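J.: mind looking at a prediction? Sequence and model below.
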Amino acid sequence: MTKTALVVGASGIVGSATAELLIEQGWSVHGLARRPISQPGVQPVAADLQDAEATAAALRGLNPDAVFITTWLRQDSEAENIRVNASMVRNLLNGLPKPFEPRHVALVTGLKHYLGPFEAYGKGTLPQTPFREEQGRLDVENFYYAQEDEVFAAAERDGITWSVHRPHTVIGLAVGNAMNMGTTLAVYATLCRKTGRPFTFPGSAAQWSGLTDMTDAGQLARHLLWAARTEAAHDQAFNVVNGDVFRWQWMWSRIASWFGLEAVPFDGTVRPLEQQMANDAALWREIAIRDELAEPHLSRLVSPWHTDADLGRPIEVVTDMGKSRRLGFTGYQPTDDAFFALFERLRTERLIP
């Protein structure tokens, strides 16, 4: 029988990659978003997860075998992040009809589980790297923990299975996404090429010289599907990264070369993209009009604040995936290839020239 999935946040970087994979695998896919967009093979479900009554109405009659939660809403404080994002997960899981057959719920969070929320990011006493799942929660309020608790409560009540997936920075395609390093770097490189600006690394010495890793959206989608299908992976939390490690001093040159640029060696000065790109909206619009690009609004393509947060960290961040490997997940994705594949898609879809 055809399996049915509900992908929450289906138009985002992770949600769209997950929906594509499920469709390839023969699943019937429903995609939930506040304002669904047209996606091949995805049956749209329009719902504002902050409205419990409207969410329940939108989900009436839908009985998915698996639910993939890949969305969140950024707020002005961590207290508001907790209130809003926990309520969204709660309203979703309360709004679904009680399952009459086994149901799996997969929640995507991230490495802020180990690094702390935005207000305390990378501060205080942190676990040793590489991060491992058994290191547990920090002694700080975090909306990821609140989301997890809502999933655990629903599992206790409804008898569903669950998995939690903690990617590092995700590489993938989406427009209007709040955290989008790959497209941000592609647009930054394009601006440097068009204007003759130096392609300058914006981050910290620790990130330039230290080891790190990332997560391709396709790798994460395969991990989500694997956990849903694998009984041994049920009721478990997992890290998920590409499987390689690199230093930004190497990757920066790789990205520069793809765009035909010369990478400027890091000189010890942090130059945040949020400052470098602060006045680029009008310039991008000119480029978009001249080169007939699909998105003239810079703010819908880039998230400099998020890229700065990742590239400006004062500590090395490396993630252990041994738990998934021991249970049989063997997916691997070279990170430079993930960047290059994204850049090709951005050109194909006329998002960069």
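T.: Sure thing, it's come through.

J.: only C-alpha atoms from now on, for both contacts and neighbour counts.
T.: Fine.

J.: tell me who's in contact with the nearest residue in space to Lys3 that is not next to it in sequence.
T.: For Lys3, ignoring the flanking residues on the chain, the nearest one in space by Cα to Cα, 6 or more residues apart in numbering is Trp27 at 5.1 Å. By Cα atoms under 8 Å, 6 or more residues apart in numbering, Trp27 lies in contact with 2-5.

J.: in strands, which of those fall?
T.: 4-5 (DSSP state E).

J.: for the contacts of Trp27, pick the one with the most neighbours.
T.: Neighbour counts for the contacts of Trp27 peak at Ala5, which has 26 neighbours (criterion: other Cα atoms under 10 Å).

J.: for it, name its beta-bridge partners.
T.: Beta bridges link Ala5 to Val29, Ala66, judged by DSSP bridges.

J.: just to revisit the earlier point, please identify which of the contacts of Trp27 is nearest to Asp51.
T.: Nearest to Asp51 among the contacts of Trp27: Ala5, at 21.6 Å, using Cα to Cα.

J.: ok, now which ones touch the closest one?
T.: Counting by Cα under 8 Å, 6+ apart, Ala5 has contacts 22, 27-30, 64-68.

J.: now do 6 Å
T.: 29, 64-67 (Cα atoms under 6 Å, 6 or more residues apart in numbering).

J.: wait, isn't Thr70 in contact with Ala10?
T.: No. Thr70 is beyond contact range of Ala10, at 7.6 Å (criterion: Cα atoms under 6 Å).

J.: tell me which of the two has more neighbours.
T.: Ala10 (29 against 21).

J.: gap between Pro304 and Pro198?
T.: From Pro304 across to Pro198, the span is 17 Å (Cα to Cα, to the nearest Å).

J.: can you check Phe266 too?
T.: 11 Å.

J.: mind checking which of those two has more residues around it?
T.: For Phe266 versus Pro198, the count of surrounding residues by other Cα under 10 Å is larger for Phe266: 19 against 14.

J.: part of a strand, is Arg197?
T.: No. Under DSSP: H, G, I helix; E, B strand; the rest coil, Arg197 falls outside any strand and is assigned coil.

J.: ok, how many other residues are close to Ile352?
T.: By other Cα under 10 Å, neighbour count at Ile352 equals 24.

J.: phi, psi of it?
T.: As for Ile352, its main-chain torsions (degrees, to the nearest 10) stand at phi -130, psi 160.

J.: before we move on, which element is the closest residue to it other than its chain neighbours in?
T.: Among residues not flanking Ile352 along the chain, Leu346 sits closest, at 5.7 Å (Cα to Cα, 6+ apart). For Leu346, the element it lies in under DSSP states H and E is helix 335-348.

J.: what is the mean pLDDT for that helix?
T.: Helix 335-348 shows a mean pLDDT of 98 in the predicted model.

J.: what packs against that helix?
T.: Here helix 335-348 touches no other helix or strand, going by 3 or more Cα pairs under 6 Å, 6 or more residues apart in numbering; DSSP states H and E.

J.: Trp162 falls within a strand, correct?
T.: Yes. Counting by three-state DSSP, one finds Trp162 located in a strand.

J.: which stretches of this structure form strands?
T.: Secondary structure of the chain (DSSP E): strands located at 4-8, 28-33, 42-46, 66-69, 104-108, 161-167, 170-171, 199-200, 211-212, 215-216, 236-240, 246-247, 263-264.

J.: in the protein, which helix is the longest?
T.: helix 78-95 (DSSP state H).

J.: using CSV, write out every CA atom in that helix.
T.: Output in CSV follows, covering the C-alpha atoms of helix 78-95 (Å, rounded to 0.1, in the frame of the first residue of the first chain):
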residue,chain,number,x,y,z
GLU,A,78,14.1,32.9,23.3
ALA,A,79,11.1,33.0,25.6
GLU,A,80,9.0,33.9,22.6
ASN,A,81,10.8,31.3,20.4
ILE,A,82,9.8,28.7,23.0
ARG,A,83,6.2,29.9,23.3
VAL,A,84,5.5,30.1,19.6
ASN,A,85,7.4,27.1,18.3
ALA,A,86,6.3,24.7,21.1
SER,A,87,2.7,25.7,20.4
MET,A,88,3.1,25.0,16.7
VAL,A,89,4.3,21.5,17.3
ARG,A,90,1.6,21.0,20.0
ASN,A,91,-1.2,22.3,17.7
LEU,A,92,0.0,20.1,14.9
LEU,A,93,0.1,16.9,16.8
ASN,A,94,-3.1,17.6,18.7
GLY,A,95,-4.8,18.5,15.4
